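Asker: For reference, the sequence and a predicted model appear below.
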Amino acid sequence: MELLDNMKKELIDLLCRKSFKYSQEPTFKLVSGKMSHFYVNCKPTTLSPRGMFLAGHLLFDTIKNLNLDGIGGLTFGADPIAIATAFVSELRDKPVNAFSIRKTRKDHGIVRWIEGDMKPEERVAIIDDVATTGGSTIKAIERARSEGLDVVKAVILVDRQEGGLENIRQHVTDAVAVITRDELMARWKLQG
């Protein structure tokens, strides 16, 4: 457990350096149109080798005992995390497939929302890099279910603590965050 705690601390440090921005005035415009004091763009972290390593191990730890067939979410935020988690799952001898949910449904070939080797009724976790209201995670849950997948868990890398997890729990009761805004702010204040 100490190893995972150290990985989490290192990931928080990395997020604070690469992905987290804070301003005294609400200067960051969110997808909702609302202005915020802080902004989290996980991609510079989750697309870096060390960030991928840390996120993959921490996400795998949250799903390792669920006997899942797949892990994924709405492209593009979930993709690097799903791939990293699938890679770690193979290293740990508990393989879980990564999959990606399209923003627009494929309209040729086999018409579907999901890319990856997933079949109806398989057990999956839906993941996302950041949750504010939870809207994109909920959309991913709905699309996964429309393809016949059994969504048993949702995992958010960073919860902005603005009601997203609570909204997600209305669609899948087992919803957790690896890191919270409060944890990022506490670390950011130490750096500043």
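Answerer: Ah, there it is. Keep in mind it's a predicted model, so treat the numbers as computed, not measured. Numbering: from 1, shown residues only.
Asker: where do the strands sit along this protein?
Answerer: Secondary structure of the chain (DSSP state E): strands located at 20-22, 28-29, 35-36, 38-40, 70-74, 97-101, 114-115, 123-131, 150-159, 175-180.
Asker: Just put the ones you listed in a markdown table and tack on distance to K64 and mean neighbour count.
Answerer: Using the backbone N, CA and C atoms, a C-beta is placed for each residue, glycine as well. Shown next, in a markdown table, are those (distance: least, Cβ to Cβ, whole Å; neighbours: other Cβ atoms under 10 Å):
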| stretch | distance to K64 | mean neighbour count |
| --- | --- | --- |
| strand 20-22 | 27 | 18 |
| strand 28-29 | 35 | 14 |
| strand 35-36 | 33 | 15 |
| strand 38-40 | 25 | 18 |
| strand 70-74 | 11 | 27 |
| strand 97-101 | 15 | 23 |
| strand 114-115 | 23 | 18 |
| strand 123-131 | 11 | 27 |
| strand 150-159 | 11 | 23 |
| strand 175-180 | 13 | 20 |
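Asker: right, and those strands - which one's nearest D107?
Answerer: Comparing the strands of the chain by their distance to D107 (Cβ to Cβ), the top pick is strand 114-115, with 13.7 Å.
Asker: and that closest one, how far out from the chain's middle?
Answerer: Going by Cα atoms, centre = their mean, to the nearest Å, the spacing between the C-alpha centre of strand 114-115 and its chain's C-alpha centre is 17 Å.
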